[in-house]
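Q: Just to be clear, the model below is a prediction. Sequence and coordinates:
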Amino acid sequence: MPVAEAQTGLRTVTHWIGGKSVDSKSGRSGVVWNPAAGEEQASVAFASAEEVDAAVASAREAFPAWRATPLSRRTEVMFRLREVVDRNRRKIAEILTSEHGKTIGDAEGEVARGLEDIEFACGVPNLLKGEFSEQASRGVDVYQIRQPLGVTAGITPFNFPAMVPMWMFANAIACGNTFVLKPSERDPSVSVLLAELLQTAGVPDGVFNVVQGDRVAVERLLEHPDVKAISFVGSTPVAKSIYETATRNGKRVQALGGAKNHMVVLPDADINMAADAAVSAGYGSAGERCMAISVVVAVGSAADPLIEAIRERVSRIRIGPGMEDGQEMGPLITREHRDRVASYLDGAAAEGAQVAVDGRAEPVSKRAGFFLAPSLLDNVRPGMRCYDDEIFGPVLSVVRVATYNDAVRMIEQNPYGNGTAIFTRDGGAARRFQFEVEAGMVGINVPIPVPMSYYSFGGWKASLFGDLHMYGPEGIQFYTRAKVVTSRWPEPATSRVDLGFPQVR
């Protein structure tokens, strides 16, 4: 992967503009940590506004030719991209583990889910088929076509540095747009590898660009007149700010914000199944998932046996460096984030919740890396900081309620509406829940209901700013705009003789 040596001896992760690695001249940079060891492993260049302009200019220059490329040719490129990413999935996963800290198995799962979105984009000829109405009036036909927007941009989070960019650029590029990626500065290396793989697959220079950086790069993308659309995934306050700023500058925006995902467990549920799901969805990837279950809503008599089953499973979770065999949970992304997550345990006890499992007491928390063992809070209530905030770490809260209606009301009153789940053996209760609950993604005996690539991902309420969800059919709609044509032609139509085999020209 193209890197430059910094004065400290650490490699420097740089930009990718116009089909090649470009050293930054801004003089600003950040630290890329090894979360498992608690050590610096690289430096990442921070782009200046001028360097962002260079990336956008490269994308703008590449757009006319890429847009004019026949659908069949773009499809060939997407199929090759799928193959080259698949061949390099282990390499991508190792980079993810080294910079994010997630286990190698979790990282390989992230790459697999990103590949699904590339596979979906391989069907772009069918996805871009328009509509046609013959003889709308005498001799008049009306049809609708979808055309690309131009230069588009994605601003992606640290927790899925490979998958979320694939959510965005696969559809964007397949539809004929060009793309500028601003990845998280915390784990930036995979973005440059993805750029190399896109080039290997035949994506022309300038169609995909990467600018590393901080808010300087973000703010320039939001205001740049040549950027037509912005995709963002991150916290709700930032998502709201990006949505407001970008739309004020005339851009199309989809900004996915935070979450507080509730998992309702009814008394008739299979408690062991529910406990397995709560532990898997609460502590996987150290809880650094926007679709993680952070609140278990135990209804009636389900509470006590469920708490006990969760405690027993938590005690068996294997925690350590993600590259080591057999580890199930790695560290958090930075020391500051680890300490912030741990602070909720003190706050919860002070507010009246019970710390049923304290991850700070585990020996793993004393390691040099940014580790925090799984923690479990009982008797949590709305209004407590541990309930109201998106903790984004391995802290699972249990709220006890008396009835199903109490559980649904709690979800309805929460400002977030990303995902939710219910565990029950009662089909009628499950059917009622999916009909009534205020959330964009619902699981029935499934704790993390992330849609497959042929549906779309996104929440409701403060979890989404914008009209369209990410990837899938709504992703195609986001990265194109409709044009309606009304036509009348004189007769006879002109033609020519051509005995050759029909082909795309």
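A: Arrived safely.

Q: how about residue 164, what does it touch?
A: 154, 156, 157, 233 (CB atoms under 8 Å, 6 or more residues apart in numbering). Quick note: C-beta positions are derived from backbone N, CA and C, even for glycine.

Q: SS state for the third one?
A: Here residue 157 takes the coil state, with states given by DSSP: H, G, I helix; E, B strand; the rest coil.

Q: Next up, phi/psi of it, please.
A: Dihedral pair for residue 157: phi -90, psi 170, per degrees, to the nearest 10.

Q: likewise the first one?
A: Main-chain torsions, residue 154, degrees, to the nearest 10: phi -130, psi 140.

Q: what about the protein, any weak spots by pLDDT?
A: Along the chain, segments meeting pLDDT under 70 span 1-8, 493-495, 504-505.

Q: Helix, strand or coil: sort out the residue nearest to the spatial centre of it for me.
A: For the chain, the residue nearest the mean C-alpha position is residue 164 (3.6 Å; CA atoms, centre = their mean). Classification of residue 164 using three-state DSSP returns helix.

Q: Domain parsing of this protein, as residue ranges.
A: 3-257+463-484, 261-444 (automatic domain parsing).

Q: Reformat these as CSV; add distance to residue 455.
A: Rendered in CSV, the data for those read as follows (distance: least, CB to CB, whole Å):
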stretch, distance to residue 455
domain 3-257+463-484, 5
domain 261-444, 9
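
Q: Helices of the stretch 51-200 of the chain, residue ranges please.
A: Here the stretch 51-200 of the chain has its helices, by DSSP state H, counting those that start in this stretch, at 71-87, 89-100, 104-121, 124-127, 163-174, 189-200.

Q: pull the CA atoms of the last one into CSV?
A: As requested, the backbone C-alpha atoms of helix 189-200 are provided in CSV (Å, rounded to 0.1, in the frame of the first residue of the first chain):
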residue,chain,number,x,y,z
SER,A,189,-5.4,2.7,5.7
VAL,A,190,-8.1,0.4,4.2
SER,A,191,-9.4,3.4,2.1
VAL,A,192,-6.1,3.5,0.1
LEU,A,193,-6.2,-0.2,-0.4
LEU,A,194,-9.7,0.0,-1.6
ALA,A,195,-8.6,2.7,-4.1
GLU,A,196,-5.9,0.4,-5.4
LEU,A,197,-8.4,-2.5,-5.8
LEU,A,198,-10.8,-0.2,-7.7
GLN,A,199,-8.0,0.7,-10.0
THR,A,200,-7.0,-2.9,-10.5
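
Q: For residue 290, see how far away residue 145 is.
A: Residue 145 sits at a distance of 34 Å from residue 290 (criterion: CB to CB, to the nearest Å).

Q: just residue 101 next, same as before
A: Relative to residue 290, and taking CB to CB, residue 101 is found at 17 Å.

Q: Ok, residue 473 next?
A: Using CB to CB, we find residue 473 at a distance of 21 Å from residue 290.

Q: which residues in the stretch 351-500 of the chain form helices?
A: 385-388, 404-413, 427-436, 472-478.

Q: so which of those helices gets nearest residue 350?
A: Residue 350 lies closest to helix 385-388 among these, at 9.2 Å (CB to CB).

Q: gap between the closest one and the chain center?
A: Relative to the centre of its chain, helix 385-388 is centred 23 Å away, using CA atoms, centre = their mean, to the nearest Å.

Q: repeat for stretch 354-364
A: That offset, for stretch 354-364, works out to 29 Å (CA atoms, centre = their mean).

Q: Pull up the distance across it, start to finish.
A: This stretch, stretch 354-364, spans 22 Å end to end (CA to CA, to the nearest Å).

Q: buried stuff in it?
A: 355, 356, 357, 358, 359, 362, 364 (16 or more other CB atoms under 10 Å).

Q: repeat for stretch 87-94
A: Those would be 88, 89, 92, 93, 94, for stretch 87-94 by 16+ other CB under 10 Å.

Q: Distance check, the residue nearest to the fourth one when sequence neighbours are not counted against residue 404.
A: It stands for residue 93. Closest residue in space to residue 93, ignoring its immediate chain neighbours: residue 107 at 3.7 Å, by CB to CB, 6 or more residues apart in numbering. For residue 107, the distance to residue 404 equals 38 Å [CB to CB].

Q: quick one: which of the two has more around it?
A: The residue with more neighbours, out of residue 107 and residue 404, is residue 107; 30 against 21, by other CB atoms under 10 Å.

Q: Pretty sure the more buried one sits against residue 89.
A: No. Taking contacts as CB atoms under 8 Å, residue 107 lies outside contact range of residue 89: 9.1 Å.

Q: who touches both of these two?
A: What both residue 107 and residue 89 touch, as defined by CB under 8 Å, 6+ apart, is an empty set.

Q: ok, back up a step: looking only at neighbour counts, state which of residue 145 and residue 290 leads.
A: Each of residue 145 and residue 290 has its neighbours counted (other CB under 10 Å); residue 290 has more, 25 against 15.

Q: Go ahead and confirm the more buried one touches residue 256.
A: Yes. The pair residue 290 / residue 256 is scored as a contact, 7.3 Å apart, by CB under 8 Å.

Q: So for the two, which residues contact both of them?
A: Joint contacts of residue 290 and residue 256 (CB under 8 Å, 6+ apart) are residue 233.
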